[in-house]
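Peer 1: return a 3D structure for these sequence lines:
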Amino acid sequence: MAAMTSSARPFLNRRLAEFGTTIFAEMSALALSTGSINLGQGFPDTDGPEQVREAAVRALRDGRGNQYPPGPGVPELRTAIAAHQRRRYGLAYDPDTEVLVTAGATEAIAAALLALLEPGDEVIALEPYYDSYAACIAMAGGRRVPVTLRPHHEGGASFRLDLDELRDAVTDRTRLLLINTPHNPTGTVLTREELSTIAELAVERDLLVVTDEVYEHLVFDDAEHVPLATFPGMRERTVTISSAGKTYSFTGWKVGWVTAPAGLVAAVRSAKQFLTYVSSGPFQYAVAEALALPETYFEGFRADLRAKRDLLASGLAEAGFAVFRPAGTYFVTTDIRPLGESDGLAFCRALPERAGVVAIPNTVFYDHREAGAPFVRFAFCKRIEVLEEAVRRLKALVD
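Peer 2: All right, here's what the predicted structure looks like:
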C-alpha cells in the first residue's frame, strides 16, 4: 500500500514558498555545462595566505578543534576578534560575553533575525540585498520592507541611499534595520554622513540594527569603512557581523562572528545553538592568527583587488556596458541597456552560450524587480589571466 501524504498541502511551508534554487546554483551549473568562465558567484580562485592555511593544518595535527569547540567559539578567536575591533575601530567588546563565533556570516544573519524578530515585525533592508536576507526574514516570520539604492551619475556612477525614503519606510511595526556596507551587489560604501543619519534614525525610533560588514577590508580609493556601532547611541543597539571568508580568501572554512552588547549576543546565541551548535573547529584557531596579520597584508590585499577591479571595469566599459565602478566588495555592477538589452535575467541565461562568461542578474536581489532589471553583476576576485580572458570574450561578443 502506498504511503499516505497530504496532497492538499505543499511540502514547503508558505514562508519559504517564494524561495527555490538560488540564482548562484543555476548560473554555476550553466558555467559547468558550457565550460564558461564563472564571474557569477563571489569566491576567489586562489587560496589565502600560506601561513594562515598552515595554522589550520597545525591545529588539526595538534588536536585542537577536532572535537566540538566551545559553543561561543574558541577563546583564542573571540579574543582576536575583540582585539581587531578595538585596534581598527576603537570598539571595546568583552570576548567572553560580547563576541560569538558562527558558521560564516550567513548563519550569523539567520541567528540574529530568528532571535530578534517576532512574527509580523518589519525589517528594513537596503535593496538590492544579498539573497539570504529575504529568506532569513521569512523564516523568522518578519516582513521585509526594501529601501532601494538608486543609480546616480554625479561624481562617478554609483548607487546611493535616499535617506528621506529610509525615514518614510519606518513605521510603528519596524523592529530592525538590516544594513550592508560595503554593499553587495552594488559596491557602494555608505558615507559617514549617511551612516550618521541612519544612526540618528535608529536612536530616535528605538530600532535594533544588524550590520553585515563582511567586506569591511575590501574598500578602494577614497572610500572608508566606518562601523555603524561607532556612532553615538549605536553600540548598545547594533549587532555587527563579519567573517574571515572574504578578507582571507578561505570562503569554504565558514568562520563568521557577531560582536554586540552581552544581551544581544545572548539572544543571538540562543538561536545559533539550535542551527549548527558549533562549526569550523580547527579553522577557528587559524582565523585567530589571521586577524593578527600586519597591516601590510591588508594593504597588499586591497591593492591586488583594486588592480583586478580596474582591469574588469575597464574591459566591461570597452565591451559596451555602462559600468558602476565599485568603492568596495569584489563585484562590478553594470547596466546592459547600452548593449540594446533590458532584461538582465534573460541576458545572463544566454551569456554563457553567447560569450562563454557567467554573470549574475541583479534583479533577483530586488523586491521591485523592474528597478533591478537592467543591471548585471560580475565578480573580479579571480586570477588576472582569467579576468583578461573574460574581457576578451565579452569584447568579441560586442564585435
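Peer 1: start and end of stretch 31-42, how far apart?
Peer 2: One end of stretch 31-42 sits 14 Å from the other (CA to CA, to the nearest Å).
Peer 1: contacts made by it with the rest, please.
Peer 2: For stretch 31-42, contacts defined as CB atoms under 8 Å, 6 or more residues apart in numbering pick out 24, 27-28, 30, 184, 246, 312, 329-331, 348, 351-353, 355-360, 377-382, 386-387, 389-390, 393. Any C-beta I mention is one placed from the backbone N, CA and C, and that applies to glycine too.
Peer 1: can you check stretch 293-310 too?
Peer 2: Residues outside stretch 293-310 that contact it (CB under 8 Å, 6+ apart) are 49, 52, 217-221, 247, 325-326, 330, 332, 380-382, 384, 387.
Peer 1: so of these, which ones are in helices?
Peer 2: V52, T247, I384, L387 (DSSP state H).
Peer 1: from those residues, which is closest to G372?
Peer 2: Closest approach to G372 among the ones in helices among the contacts of stretch 293-310 (CB to CB): L387, at 24.1 Å.
Peer 1: kindly tell me how buried the closest one is, as a neighbour count.
Peer 2: Other residues near L387 come to 22 when the count uses other CB atoms under 10 Å.
Peer 1: could you tell me which of the contacts of stretch 31-42 belong to strands?
Peer 2: Under the assignment DSSP state E, those contribute F331, V357, V358, I360, R377, F378, A379 to strands.
Peer 1: can you flag the buried ones in the ones in helices among the contacts of stretch 293-310?
Peer 2: Buried by 16 or more other CB atoms under 10 Å: V52, T247, L387, out of the ones in helices among the contacts of stretch 293-310.
Peer 1: could I get these as CSV with distance to V210 and pLDDT?
Peer 2: Formatted as CSV, these follow (distance: CB to CB, whole Å; pLDDT from 0 to 100):
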residue, distance to V210, pLDDT
V52, 27, 97
T247, 19, 96
L387, 33, 98
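Peer 1: need the contact list for the residue nearest to R205 when sequence neighbours are not counted.
Peer 2: Leaving out its chain neighbours, the residue that sits closest to R205 by CB to CB, 6 or more residues apart in numbering is V170, at 5.4 Å. If a contact means CB under 8 Å, 6+ apart, then V170 has I124, L201, R205, L207 as its contacts.
Peer 1: again, but for D343
Peer 2: The contact partners of D343, by CB under 8 Å, 6+ apart, come to A373, P374.
Peer 1: A286 now?
Peer 2: By CB under 8 Å, 6+ apart, the residues touching A286 are V52, R53, A55, A56, A59, F250, W253.
Peer 1: show me which pair in those residues is furthest apart.
Peer 2: In these, two members sit farther apart than any others by CB to CB. They are A59 and F250, at 13.3 Å.
Peer 1: which residues are common contacts for these two?
Peer 2: Shared contacts of A59 and F250 (CB under 8 Å, 6+ apart): F283, A286.
Peer 1: what ranges does the stretch 1-150 of the chain have for its helices?
Peer 2: Ranges of helices in the stretch 1-150 of the chain, per DSSP state H, counting those that start in this stretch, are 23-34, 50-61, 75-89, 104-116, 131-139.
Peer 1: run through the stretch 1-150 of the chain and note the low-pLDDT ranges.
Peer 2: For the stretch 1-150 of the chain, the stretches with pLDDT under 70 are 1-7.
Peer 1: at 90 what do you get?
Peer 2: Scanning the stretch 1-150 of the chain with the threshold set as pLDDT under 90 gives 1-25, 41-43, 131.
Peer 1: CA atoms of stretch 241-248 as CSV?
Peer 2: Provided in CSV are the C-alpha atoms of stretch 241-248 (Å, rounded to 0.1, in the frame of the first residue of the first chain):
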residue,chain,number,x,y,z
ILE,A,241,28.5,40.8,11.7
SER,A,242,31.7,39.9,9.8
SER,A,243,33.6,36.9,8.6
ALA,A,244,37.0,35.6,7.5
GLY,A,245,36.0,34.2,4.1
LYS,A,246,36.1,37.5,2.1
THR,A,247,39.1,39.0,3.9
TYR,A,248,41.4,36.0,3.8
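Peer 1: related to what we said a few turns ago, now render the ones in strands among the contacts of stretch 31-42 as JSON lines, adding pLDDT.
Peer 2: As requested, these are exported to JSON lines (pLDDT from 0 to 100):
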{"residue": "F331", "pLDDT": "97"}
{"residue": "V357", "pLDDT": "97"}
{"residue": "V358", "pLDDT": "96"}
{"residue": "I360", "pLDDT": "96"}
{"residue": "R377", "pLDDT": "97"}
{"residue": "F378", "pLDDT": "98"}
{"residue": "A379", "pLDDT": "97"}
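Peer 1: filter those residues to the buried ones?
Peer 2: Among the ones in strands among the contacts of stretch 31-42, those classed as buried by 16+ other CB under 10 Å are F331, V357, V358, I360, R377, F378, A379.
Peer 1: farthest-separated two in those?
Peer 2: Distances among those were taken as CB to CB; the most separated pair is F331 and V357, at 14.5 Å.
Peer 1: can I get the longest helix anywhere in the chain in CSV? Just the C-alpha atoms.
Peer 2: Looking across the chain with DSSP H, the single longest helix is helix 295-318. Provided in CSV are the C-alpha atoms of helix 295-318 (Å, rounded to 0.1, in the frame of the first residue of the first chain):
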residue,chain,number,x,y,z
GLU,A,295,48.7,46.0,8.1
THR,A,296,50.9,45.2,5.1
TYR,A,297,48.7,42.1,4.4
PHE,A,298,45.6,44.2,4.2
GLU,A,299,47.3,46.9,2.1
GLY,A,300,48.5,44.3,-0.4
PHE,A,301,45.2,42.5,-0.5
ARG,A,302,43.4,45.7,-1.3
ALA,A,303,46.0,46.7,-3.9
ASP,A,304,45.6,43.4,-5.7
LEU,A,305,41.8,43.6,-5.8
ARG,A,306,41.9,47.2,-6.9
ALA,A,307,44.0,46.3,-9.9
LYS,A,308,41.6,43.5,-10.7
ARG,A,309,38.6,45.8,-10.3
ASP,A,310,40.2,48.3,-12.7
LEU,A,311,41.0,45.6,-15.3
LEU,A,312,37.5,44.2,-15.3
ALA,A,313,35.7,47.5,-15.1
SER,A,314,37.7,49.0,-18.0
GLY,A,315,37.2,45.9,-20.0
LEU,A,316,33.5,45.9,-19.5
ALA,A,317,33.3,49.5,-20.4
GLU,A,318,35.2,48.8,-23.6
